[in-house]
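Chemist: here is my input, please return the structure:
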Amino acid sequence: MTFTYNLAATGDSLTYSKLRLEIGDGIENSGVKPNNTNFSDEELDLFLAEEGGVVGRAAARCFEVLANWWSRVADIAVGPRRESLSKVAADFAGRAKEYRRKHGGGVGAYAYGIIRKDGYSDDVPSDDVTAGGEYGLEFEYVRPGRSS
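Modeler: Model (predicted):
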């Protein structure tokens, strides 16, 4: 596992450094994970690949992963001293949401327009639809000729 943080670098090293700068993971052996380790360059490379090489979107992915990891850490109370580590998870989740809003992306975050082809379509009267197929479950629009 490698760690690269050099803002004067070029190529992939600069990309990793920019991503580390965004997520606050720029000090080796004092990282953002619950066990104080850093993301490895290989992990960052995976996030960058998942997010199309966009640093802001990869940062959102890092925050999502951090929120997941920190959510497993329990709050601590020893005498009068309290550490609300669950709040760390909530903060990372909030940052992930903000970065997604700002930069987009996300695994499975695609939207497609859907055209219904059945009698329940909002844009076509049900009498303009005919059933067909093996069990009558395939529908096609039957558009009568319309005069303009």
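Chemist: who are the packing partners of whichever helix in the chain runs longest?
Modeler: With secondary structure taken from DSSP state H, the chain has its longest helix at helix 86-103. When contacts are defined as 3 or more C-beta pairs under 8 Å, 6 or more residues apart in numbering; DSSP states H and E, helix 86-103 packs onto helix 55-70. Any C-beta I mention is one placed from the backbone N, CA and C, and that applies to glycine too.
Chemist: after the helix it packs on, which helix or strand is next?
Modeler: strand 76-78 (DSSP states H and E).
Chemist: helices or strands next to that next one in the packing?
Modeler: So strand 76-78, by 3+ C-beta pairs under 8 Å, 6+ apart, packs with strand 81-83.
Chemist: kindly provide the whole-number mean pLDDT of the strand it packs on.
Modeler: Average pLDDT, strand 81-83: 83.
Chemist: how far is that strand from where the chain is centred?
Modeler: 32 Å (C-alpha atoms, centre = their mean, to the nearest Å).
Chemist: ok, and what's touching it?
Modeler: 75-77 (C-beta atoms under 8 Å, 6 or more residues apart in numbering).
Chemist: same thing but at 7 Å, please
Modeler: For strand 81-83, the surrounding residues in contact (C-beta atoms under 7 Å, 6 or more residues apart in numbering) are 75-76.
Chemist: tell me the strands beside it, with direction?
Modeler: Here strand 81-83 has these sheet partners by DSSP bridges: strand 76-78 (antiparallel).
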